[in-house]
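[1] take this sequence and fold it.
(2 chains)
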Amino acid sequence: DVKVTQSSRYLVKRTGEKVFLECVQDMDHENMFWYRQDPGLGLRLIYFSYDVKMKEKGDIPEGYSVSREKKERFSLILESASTNQTSMYLCASFGRGGTDTQYFGPGTRLTVL
Amino acid sequence: GENVEQHPSTLSVQEGDSAVIKCTYSDSASNYFPWYKQELGKGPQLIIDIRSNVGEKKDQRIAVTLNKTAKHFSLHITETQPEDSAVYFCAASIGSGGYQKVTFGTGTKLQVIP
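    Numbering: from 1, shown residues only, chains lettered A, B, ... in the order given. Predicted coordinates:
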């Protein structure tokens, strides 16, 4: 079974702090994604990566950056957290050449005070 | 870009009844339509998917139908059970085995009343 893990289930940070969210997948997938999930808005794509050291902006990249130094790990960085970044963050991965299914991690609920 | 609309946003059914969730999409190039179930405290999990060369797909109590002409697809759950209570998301993408951008609907919270 594909396993996608996220470093924290719950995180509380203060405005202005730098925040790191980590995601690891164990299926050697090329593609990895970061979404945020808000009530009534569904899942919105923040950034994705289709290979090591490659990254592309999604639909809502403002205020975020990412890092992909190793194939299995994709990090989301909030350079200076703000209260409007309070949300559920979901990581997903997808393997090239396989099915078109994205596999999701359990999510990190981030609260910025 | 692709736009996916999902209805209803909430749905309550009695145990044993059927539940139907409907989605429409805008990009005629989309050819892969997955449905995800998200239980409380968990990430979304794929429950069924359909490709544009198929009109209907079934897996036990779950079925999905696709109308390419009208650009809409639906999830049908029969004989609902309390464990079906969750948030369901539809999605549309251009799947080719390579990179894909998936556009999600806004979700339907299904409550099955025992």
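[2] switch to C-alpha atoms for all contacts and neighbour counts from now on
    Fine.
[3] mean pLDDT per helix and strand in chain B: which one sits at the bottom?
    strand B:102-104 (a mean of 88; mean pLDDT, DSSP states H and E).
[4] for whichever helix or strand comes after that strand, packing partners?
    Later in the chain than strand B:102-104, the nearest helix or strand by DSSP states H and E is strand B:108-113. Judged by 3 or more CA pairs under 8 Å, 6 or more residues apart in numbering or on different chains; DSSP states H and E, strand B:108-113 is in contact with strand B:10-14, strand B:86-93.
[5] where does chain B have low pLDDT?
    The model of chain B has pLDDT under 70 over residues B:95-100.
[6] repeat that with 90
    Scanning chain B for pLDDT under 90 picks out B:1-2, B:29, B:31-32, B:40-42, B:51-55, B:93-103.
[7] got the residue ranges for the strands in it?
    B:4-7, B:10-14, B:19-25, B:32-38, B:45-51, B:56-59, B:62-67, B:72-77, B:86-93, B:102-104, B:108-113 (DSSP state E).
[8] could you dump those strands to a markdown table with mean neighbour count?
    Putting these into a markdown table (neighbours: other CA atoms under 10 Å in any protein chain shown) gives the following:
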| stretch | mean neighbour count |
| --- | --- |
| strand B:4-7 | 19 |
| strand B:10-14 | 15 |
| strand B:19-25 | 21 |
| strand B:32-38 | 22 |
| strand B:45-51 | 19 |
| strand B:56-59 | 14 |
| strand B:62-67 | 19 |
| strand B:72-77 | 20 |
| strand B:86-93 | 25 |
| strand B:102-104 | 24 |
| strand B:108-113 | 20 |
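[9] want to throw these into JSON lines with distance to A:E56?
    Output for the strands of chain B, formatted as JSON lines (distance: least, CA to CA, whole Å):
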{"stretch": "strand B:4-7", "distance to A:E56": "22"}
{"stretch": "strand B:10-14", "distance to A:E56": "33"}
{"stretch": "strand B:19-25", "distance to A:E56": "24"}
{"stretch": "strand B:32-38", "distance to A:E56": "22"}
{"stretch": "strand B:45-51", "distance to A:E56": "24"}
{"stretch": "strand B:56-59", "distance to A:E56": "33"}
{"stretch": "strand B:62-67", "distance to A:E56": "31"}
{"stretch": "strand B:72-77", "distance to A:E56": "29"}
{"stretch": "strand B:86-93", "distance to A:E56": "17"}
{"stretch": "strand B:102-104", "distance to A:E56": "14"}
{"stretch": "strand B:108-113", "distance to A:E56": "29"}
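[10] out of those strands, nearest to A:V4?
    strand B:45-51 (11.5 Å; CA to CA).
[11] does chain A sit close to that closest one?
    Yes: on the criterion CA under 8 Å from any CA of the partner chain, strand B:45-51 is in touch with chain A at B:45-46.
[12] which other helices and strands does that strand contact?
    strand A:103-104, strand B:32-38, strand B:56-59, strand B:62-67.
[13] quick one: contacts for residue 47?
    Using chain A here. A:33-35, A:55-61, A:65-66 (CA atoms under 8 Å, 6 or more residues apart in numbering or on different chains).
[14] actually chain B
    B:I47 neighbours (CA under 8 Å, 6+ apart): B:34-37.
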